[in-house]
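1. Have a look at this prediction, sequence included:
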Amino acid sequence: MGRKGFLVVTKEKGQRSEQILLCVSKAESCLTDCHFYFIQDVKSDEMGNKVAASSSAAATATATATATATARVHTPSDGGGTKKSNWQVIEHYHVSGLHPKATLGPADDDKAAADSKSQYGPSDNVSWWNVRVVCRHILGVHRFRDVHVEYLYQKYFLRLNQSNLMMLISLLLTITVLLSGLKSRSLGGHVTIVSVACLASTALVLALLQLLLLRSAFKEVYLMIFSYAVLASFFVLEVVLTVEAEPRTASAGVWSAIFFVYMTHTLLPLSLQEATIGAILLALMVANGFIFFCVNVAGVFTHYPKEISQREAFMETRQCIEARLISQRENQQQERLLLSVLPRHVAMEMKADIAGQQKDSMFHKIYIQRHDNISILFADICGFTLLSSQCTAQELVKMLNELFARFDKLAAENHCLRIKILGDCYYCVSGLPEPRPDHANCCVQMGLDMIEAIALVREVTGVNVDMRVGIHTGRVHCGVLGLRKWQFDVWSNDVTVANAMEAGGIPGRIHITKETLDCLGDDYKVEPGDGASRNAYLNDHRIDTYLIIPNQHADKVSTPTLNGNVAVAKELRIMGHGKPNIHNKLGFAEDNIKDPQEEVNDYLARAIDARSIDRLRTEHCKKFLLTFRNSKVEEKYSNQHDKMMHSYFVCAIVIFILNVASLVAIFPCKWLTLTVCAIGLLALIGCTALLAFESCALCPQSLRTMSSTVINSRTLSQFVAATVVIISFITVLPLLLFFDSGNIWTCLRAINESAGAGAGAWNRTQLQQVGLVFGKEHGPPKSANRSFCLFKYFTFSVMLDMISCAVFLMLRTTVKLILLLFISVVYFAFIFTINSYLFDNRDVLLALYVSGDTITNNVTDNIDALTPAALPSKYTSILAVVACVVAIVVHGHQAEATYRLDFLWKTQANEEKEETQHLQAYNRKLLGNILPAHVAEHFLAADRKNEDLYYEQCECVCILFATIPNFSEFYVELEANNDGVECLRLLNEIIADFDEILGEKEFQCIEKIKSTGATYMAASGLTAATCDMVGHNHVVAMAEYALKIRQQLAHVNEHSFNSFKIRLGMNVGPVVAGVIGAKKPQYDIWGNAVNVASRMDSTGVYNEIQVTQDVYQILSAKGYPFHCRGMVKVKGKGEMMTYFLRGQRTLLPASGSHGTSSAS
């Protein structure tokens, strides 16, 4: 009597729980601090020698399981918590959803990139000959560190294997139905009736599972349940096939066990541990250690590389998606920033031109459009000089930023588009980019709100500040000019009128023209404005003006009130607090900013749910061959290197050795057999070594080159793999020659019909010899009738050869099918020709066993009463081989489809990532033309949720203003020049020339600030890298730039037959540089030095470069010639000494004189 049991050991260690499955031969075991649970399976054994074999097999399994358990105990835990099975993880997250608590930060990128390798694959310092470490890597828990990534992979893994499960259930259903039909032919015994009932019930369950799997909306957790249901059906079928085996020999149910074990590893969506445990439980039902160990090795070596490849592909795809989403998020930030400065139609046209090929043209591309029925509003802060004198430069920038941010918000509410901020001047338009019939009303309401907003500033600061607003209605040309620092602007005579309306207005009042009043109708009461008396332009052009009478128009915006106080509610709205907790960050405002890792996981989860394997396969792959329809994609896939290729060949050698060992242990062994097996083993080792030469530095270069060629060529590597499979099969063929091919049935009839004792004795001797051949493992000839099935081990050997073919996952399905058909045809040829009577003999011996006769006793009396088997063993073997072929082809087809679709998914993710990066590059190029590079990087590099203001103090900045004062005389709106567009085209060429000069290396320290109308503004020394406090090289560069643009304008005049004049002013001093405008950022500089530089331009002389005394002192020391203009009256500064820069500098004499200067 033998006792078998299964021991589950649960060890408690802190918060960690590990379960170890062991197989023991006796129940009398006791371990300290452990809990034992036994499942009794007591069987009586007629043969005493089977007890020892069972104990030995159990001991081997125990040692293996113990090593596995040891590896698992020492496996690092995920965060120190209790480990869960895949089912538990999926079930938990399926119910509760994703709730990330810890995500990877930017500093963890390297760890995330190496995650796929360090978690489920051997590390680089692990040697393959270190068996203990390798087993721990292969059989250990394979999980990603991030539980959310692991959840997504499990979801992806189950969804990916849904079709595998459907194919396996279909195959099992077919086998079950066939077995039920065959068993029902021989009903009569109690066991047979029970087995038919079990098979029929199993078939119904499998059919139900198949119907449920066909549903489109299917949750992943059900796949796990179905997988365990299919695993249970394996046990049912194995029990039925083994229990009814007559006689109950060692080979009973072996073919079904081989089939079920390997299918558990390959086609069921289970983890490696679950599959191995299920396979071992199946293997323990029979006592065939070599074969089951071999098939489990094959299953592990098929499952492990496949899981590694899938996890690597999944992780690489996730990293591509993560990079794509990061680029996409940055691109969205850039896009929002871009669209906050430029209207969408202008920005899209610019991006299209950057992405496309540049066309040769005499002129630069101009981005200008004409719009009619537009109202233009200009607003200026009166008393701003007094206000700025009472605060520091930083405080002034902060105040301007807050004030103009409120103006931007009011503009959005009043359907106005802010154009530009010029110092303390703010102007916007209504009717752009989409026309509006109420554009005049929008501008008037905008002006009223601005006056109320500045009134609050007046109350808070105590400084008498107010708004002077002017509005005019007409047509405009809008767009951008130049090549650098694009700013959306408007040009037309009507814009000039609107500017003059502001200059001739009254603080606290809205000054409108007759054209605007006509658009307003009777909505507002007005009074005469008398603007001509306050502004020369209005007087010269005889423009009638009007003033809006305040406090006579109701609020058009209804906002929630606080404590019922309407005035407070409106005050909060005007001051920019109408919406609580608004985050404004230069066009990057987002109410809910998702964690990047959470966003990647959510995107991947949606992609997995939306990913249809069948649809992708139909769209991109051919139906049977699975080759990509796109030849370029197919070529790229064919050149892809399989990282697990070495493991396939190692596994093939292991299978070959175990297969030969099992056959040699059973069949007669001769030197010819051993020689053939040795030659085959050497051939397999040679093929494997061919792949190992590449990484061996001691090998000749020619071998390494040849090895690299084979590895990197999918065609050559498949040829070598096919060669290994054929060698493995051909090597075991000589063993068939040792089978006795005599027909036992014929011998029995000869005994029965023989009249002489001699003939009968000869045939009995022949039968005994046949029995000796078959019964070598089980002792004396008298037990030969109980060991007739040893030749079936050759069938099992063929199935193992087929499984070794399935191990090579990089083999195409068509190649596998050809190899399997070759093996099947050769096998069938042997059993139907050379050894055609082997299966007939088995049926005869089975019939003798059932009837109770032996070969030497009463054989002739009952020969006619012998009943052949319901299912001849020949066809049972054929069915087993065919089922194995079908299963391996299905697995190969699904595996190849999975690899191809993973490759396609990763390729698509890479392509989308590259497209996003290209788009990001276009946006960055555009951003470089809007904000200085260091400012743009400041806002794009990190998430600064609470920073709406960016400014920096610059101690020594050289500022240049350059104006073409007579351009207004050149600009006329006539039909001949496209209503002034051609005039703007020439201005665009002039500004573009100035911008191109900035691109020269010597002027890299100069930053263009903006261009307004015909005025160009630039500054140098804005960053620590460009500001030279000692040598003042940035001031020298600005002087050279001023001289060069003056020369360039002269060149334009010469070739365009014009006489444009230029007026330039320079100053040096401290400034504050910053960005103002929360939703529409604009980079600018402020400070007394800026105001003085502007006055140097406005008080200058045509074609002269007027500079202050500070600039003169720096440049005269460098050898530049100057002419002293004398004292000049400057607004806000009184009288200042100014100088004219005459030309290029001259070399100074060694004495260090200050060069030539007409200053005295």
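-> Yep, that arrived.
2. where along the stretch 751-900 of the chain do the helices fall?
-> Secondary structure of the stretch 751-900 of the chain (DSSP state H, counting those that start in this stretch): helices at 757-774, 792-807, 813-829, 838-851, 873-928.
3. Kindly report the same for the stretch 901-1050 of the chain.
-> Counting by DSSP H, counting those that start in this stretch, the stretch 901-1050 of the chain has these helices, from start to end: 933-941, 967-970, 981-998, 1033-1056.
4. same deal with the stretch 1051-1160 of the chain?
-> 1088-1098, 1109-1116.
5. Let's have those in CSV, adding distance to residue 350, mean neighbour count and mean pLDDT.
-> Where you see a C-beta, it was placed from the backbone N, CA and C, and this is true even at glycine. As requested, the helices of the stretch 1051-1160 of the chain are arranged in CSV below (distance: least, C-beta to C-beta, whole Å; neighbours: other C-beta atoms under 10 Å; pLDDT from 0 to 100):
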stretch, distance to residue 350, mean neighbour count, mean pLDDT
helix 1088-1098, 29, 22, 92
helix 1109-1116, 36, 20, 94
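6. From the rest of the structure, what touches stretch 630-645?
-> 305, 308-309, 312, 620, 627-628, 691, 711-715, 717, 809-810, 900, 903-904, 907 (C-beta atoms under 8 Å, 6 or more residues apart in numbering).
7. ok, 7 Å please
-> Residues outside stretch 630-645 that contact it (C-beta atoms under 7 Å, 6 or more residues apart in numbering): 305, 308-309, 627-628, 691, 711-712, 714, 717, 810, 900, 903, 907.
8. where in the stretch 1-150 of the chain is pLDDT low?
-> In the predicted model of the stretch 1-150 of the chain, residues 1-144 satisfy pLDDT under 70.
9. just checking, next helix/strand downstream of the helix or strand residue 373 falls within?
-> Residue 373 belongs to strand 367-382 when assigned by DSSP states H and E. Moving toward the C-terminus from strand 367-382, the next helix or strand (DSSP H and E) is helix 384-389.
10. returning to what we had before: could you pull out the buried residues of the strand holding residue 373?
-> 367-368, 371, 373-382 (16 or more other C-beta atoms under 10 Å).
11. And for stretch 675-685?
-> 676, 677, 680, 681, 683, 684.
12. dump the residue contacts of the third one.
-> In this case it means residue 680. Contacts of residue 680 (C-beta under 7 Å, 6+ apart): 656, 727, 728, 731.
13. doesn't it fall inside a strand?
-> No - according to DSSP: H, G, I helix; E, B strand; the rest coil, residue 680 belongs to no strand; its state is helix.
14. Closest one to residue 495 out of the contacts of stretch 630-645, please.
-> residue 907 (52.3 Å; C-beta to C-beta).
15. first to last residue in stretch 499-509, what's the distance?
-> 15 Å (C-alpha to C-alpha, to the nearest Å).
16. contacting residues for residue 528?
-> Counted by C-beta under 7 Å, 6+ apart, residue 528 has contacts residue 546.
17. Can you give the strand pairings for the strand holding residue 373, parallel or anti for each?
-> strand 425-430 (antiparallel), strand 466-480 (antiparallel) (DSSP bridges).
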